[in-house]
Structures are given as C-alpha cells and as structure tokens.
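Engineer: Structure, please.
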Amino acid sequence: MNFWTILRRLKTGQLFQLLWLVLQHPLMIYPTLKATRLSFTIAKQEFPKTHDKSGKGNAFRHVLWNAMICFECYKWKKRPEKIINWTKTITDKHEQLFPNKEMDRLMDLHNNAVGRWLFKEYRFKSLGELIIHIKSHLNNAKKVGTVDGFKYVGNDILYLENEG
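Structural biologist: Below is the predicted model:
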C-alpha cells in the first residue's frame, strides 16, 4: 500500500493530527518515511507470507520499524532520547489512527517498544547488524494467548499465532 492510499483512508481530523505532529518535527519526517518504507520491504523479503499476520513476521516488522526509525533519525539528530520519544510518538499515533483488534494492538505496541529498546541498548553501526540482532532476538520470541500474557514480559518479542 502506498503512502497516498494510506493518507486517503484518514478522516479530516486525523489528517490534522498527523499534520500537527509532522510540523512539530520536520527534520524527522524524511528519515521516518525512509525507515518505514525500508522496514516494510525487508519484512516482506524475510517473511513474504506472514509479515502482515499476527505471528513472528509481524513481530519482526514492528521491532525493525521502530529500531530503523531510531537508526535513520539518529543520522540527522544525535540526541537518542529525543529520537526515541519521537519514534514512540509517531508509531503510537499510527496505532491510534489505524486501529487493530485489542490483542494485535497490544502486540504491536509491545514490539514497537522492543525496537526502541534495542536501538537504545545497542546503537547498531549498520542495518545488517540490526537485522541480524533482531532475528537472533526473534529466536526467543514468546507466544501470547491472552491480554494477561502481556504483563511482565520485559523486552522479549511477542507474537500471537504460529506461522505455517
């Protein structure tokens, strides 16, 4: 789905919310869009049939998306805390504007946070290093079946459905 198709799905009030956010952080827009496009492309390559489901492919995509936004924005603005806050703000806004089922939303929000945590903890030198690290972290991903399953999970990657 391209950028303009996504924007057309928004209501006027939602467009203004997004515009207001963008105007407050103009230097973050290009790296955020670049990271979003690239993370989606990589997730499709790594998990061609499942990146848009509720399994490990989707979890990978959300972790990668947030880590990559931080990674790309860091090239423009060397203030990690501000970058992490921006990434949380813009990805939380995405989850608000494009709502999912409750369990999927919780999974996405958690995995988004894991991506930001990985950036903060490891400050990767390259995209390849970042992808390898996320994939190794994915080996320890935990399947969650209830809302209570999201409590006390720390920085583990979470998913809802087995892929197959």
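Engineer: which residues touch the helix or strand bottoming out on mean pLDDT in the chain?
Structural biologist: One helix or strand of the chain scores below all others by mean pLDDT, DSSP states H and E: helix 3-8, with a mean of 72. Here helix 3-8 makes contact (CB atoms under 8 Å, 6 or more residues apart in numbering) with 15, 33. From N, CA and C alone the C-beta is placed, and that goes for glycine too.
Engineer: now stretch 70-79
Structural biologist: Outside of stretch 70-79, the residues within contact range by CB under 8 Å, 6+ apart are 27-28, 30-32, 34-35, 80, 83-84, 86-87, 115-116, 119-120, 123-124, 127, 130.
Engineer: so which strand or helix has the closest residue to Leu109 other than its chain neighbours?
Structural biologist: Closest residue to Leu109 apart from its sequence neighbours, by CB to CB, 6 or more residues apart in numbering: Glu95 at 6.1 Å. Remark: Glu95 resides in helix 80-97, with elements defined by DSSP states H and E.
Engineer: What segments of the chain are strands?
Structural biologist: Shown for the chain, the strands assigned by DSSP state E span residues 142-143, 158-159.
Engineer: which strands and helices sit next to the last one?
Structural biologist: Secondary structure elements in contact with strand 158-159, counted by 3 or more CB pairs under 8 Å, 6 or more residues apart in numbering; DSSP states H and E, are helix 56-76, helix 102-122, strand 142-143.
Engineer: Which one of these lies nearest to Thr41?
Structural biologist: Nearest to Thr41 among the helices and strands packed on strand 158-159 is helix 56-76 (10.2 Å), distances taken as CB to CB.
Engineer: May I see the buried residues of that closest one?
Structural biologist: 56-74 (16 or more other CB atoms under 10 Å).
Engineer: what about the closest residue in space to Ile90 that isn't next to it in sequence, how many residues close to it?
Structural biologist: Distances taken as CB to CB, 6+ apart place Thr32 nearest to Ile90, at 6.0 Å, with adjacent residues excluded. Residues near Thr32, counting by other CB atoms under 10 Å, number 23.
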